[in-house]
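Chemist: A predicted structure for the sequence below; I have some questions about it.
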Amino acid sequence: MNYSTLLLLATGIILFALFMNRKEEKEDNEKEGIIPEEKERDELPDLNDKFLENAKGRDVIDLVKVYNPQDSIVLRSILDSEGIETYVKSNHFGDLYPTYDLHNFATSVISIYKENSAAAKQIVEDYLLTLKKESYNRDSNLLENTLKTGSALAGIPPELSKFIPELLI
């Protein structure tokens, strides 16, 4: 028997062992009631759908204008953990070119029910305060130069480039 045949046989045995191990692991998870990650993701509620289901007859206001998806995700997560339902209105332009930070063209607005406005406003103000503290702690010259360069490359005057969310109420 030559080495290539032996190597091929060993590879086949290893792959078969891995397949059987994975199959046993899946059966054990099903017995214990563990949901695979793919199913778990599918079962998570969409926050916009949840908001719209409960919106009938309730006043809705715009809470905050967000210029990047990271802030939107964090704010929605914090608000949801506090029991405040949110809805995001977005122009989805940033989805066309997700690798570019086209903040002025990829804005979204987070809306809430009017009765939750006081609590939501306080949460957003705390978040904005944290963001501002973090941006001042960085090397301001480096940050300024980066913003100016990025704005120039995108053809946007630096004074029009916005990165920190705006509270609307």
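Modeler: Received it, and whenever you're ready, just let me know what you need.
Chemist: number of nearby residues for the closest residue to S111 other than its chain neighbours?
Modeler: Take S111 and drop its neighbours on the chain: the residue closest to it by C-beta to C-beta, 6 or more residues apart in numbering is Y87, 4.6 Å away. Using the backbone N, CA and C atoms, a C-beta is placed for each residue, glycine as well. For Y87, the neighbour count with other C-beta atoms under 10 Å is 20.
Chemist: hang on, Y87 in a helix?
Modeler: No: counting by DSSP: H, G, I helix; E, B strand; the rest coil, Y87 falls outside a helix, being strand.
Chemist: residues contacting it?
Modeler: 47-48, 51-52, 55, 60, 110-112 (C-beta atoms under 8 Å, 6 or more residues apart in numbering).
Chemist: mind running it again at 7 Å?
Modeler: 48, 51, 111 (C-beta atoms under 7 Å, 6 or more residues apart in numbering).
Chemist: in helices, which of these fall?
Modeler: Counted as lying in helices by DSSP state H, out of the contacts of Y87, are 48, 51.
Chemist: so for L79, what's the pLDDT?
Modeler: Per-residue pLDDT puts L79 at 93.
Chemist: nice, that's everything, thank you.
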